[in-house]
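> Structure for the following, please:
(one chain, ligands or ions: 1)
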Amino acid sequence: MSGETVSNRNVSCNMLRTKLYVCPVCGNVIHCAGEALVSCCGITLPPLEAEEPDEEHWICVEQVEDEQFLSVRHPMTKEHFISFLAYASADRFQLVKLYPEGNAETRFRLQGRGVLYAFCNRHGLYRRRIP
Ligand SMILES: [Fe+2]
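Coordinates of the predicted model:
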C-alpha cells in the first residue's frame, strides 16, 4: 500500500471515462473505468494521455457487413508497432491485442457514440471520437 487515497467520481463506471495503462517493462495493458493506483513491475503507472492521431496513427473505419473494420496504416515491426486497438462506449469496452508482423486491423461492432483507441509502442496512445 502506498498510502495514497483514490477518490472515485466515476461511480457509475462510464466506460467513456476509461483510463489505460501500459507497463513499460513487461507490456501489461490495464484498463480502469475509474480512478485507481496502478503499479506493475514495481513501477507506479500514470494513465496514458491520448492524443489526436496524426497521419501515421490515423484510425480508419469502414463498414463491413454489420461491423466496422478498423485499420491503421502503420509499421508492424518488432521495434515499432500498434500494440492494441480498443473501443469504448458508455456501457462497454473492447480491446484487441495486436502483435508485430501482424496487421494493424480488427473488427468491432460500434454502437453509437464512443471512442476508438490505437496504442503505438513508440508514440503512445491515440484517440478518435465517434460522434
Ligand atoms: Fe508509431
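> Okay, and the beta partners of the residue of the chain found nearest the ion?
Using C-beta to the ion, residue 120 is the residue of the chain that sits closest to the ion, at 3.4 Å. Just so you know, the C-beta spots here come from the backbone N, C-alpha and C atoms, and that holds for glycine as well. Counting by DSSP bridges, residue 120 forms beta bridges with residue 82, residue 124.
> That one reaches residue 77, doesn't it?
No. Look at residue 120 against residue 77 with C-beta atoms under 8 Å: they stay out of range, at 11.6 Å.
> Between these two, which has more neighbouring residues?
Using other C-beta atoms under 10 Å as the criterion, residue 120 and residue 77 rank with residue 120 on top: 20 against 10.
> tell me the contacts of that one?
Contacts here follow C-beta atoms under 8 Å, 6 or more residues apart in numbering; on that basis residue 120 touches 57, 74, 80, 81, 82, 83, 126.
> Next, count neighbours for the residue nearest to residue 19 when sequence neighbours are not counted.
Closest residue in space to residue 19, ignoring its immediate chain neighbours: residue 47 at 4.0 Å, by C-beta to C-beta, 6 or more residues apart in numbering. By other C-beta under 10 Å, the residues close to residue 47 number 16.
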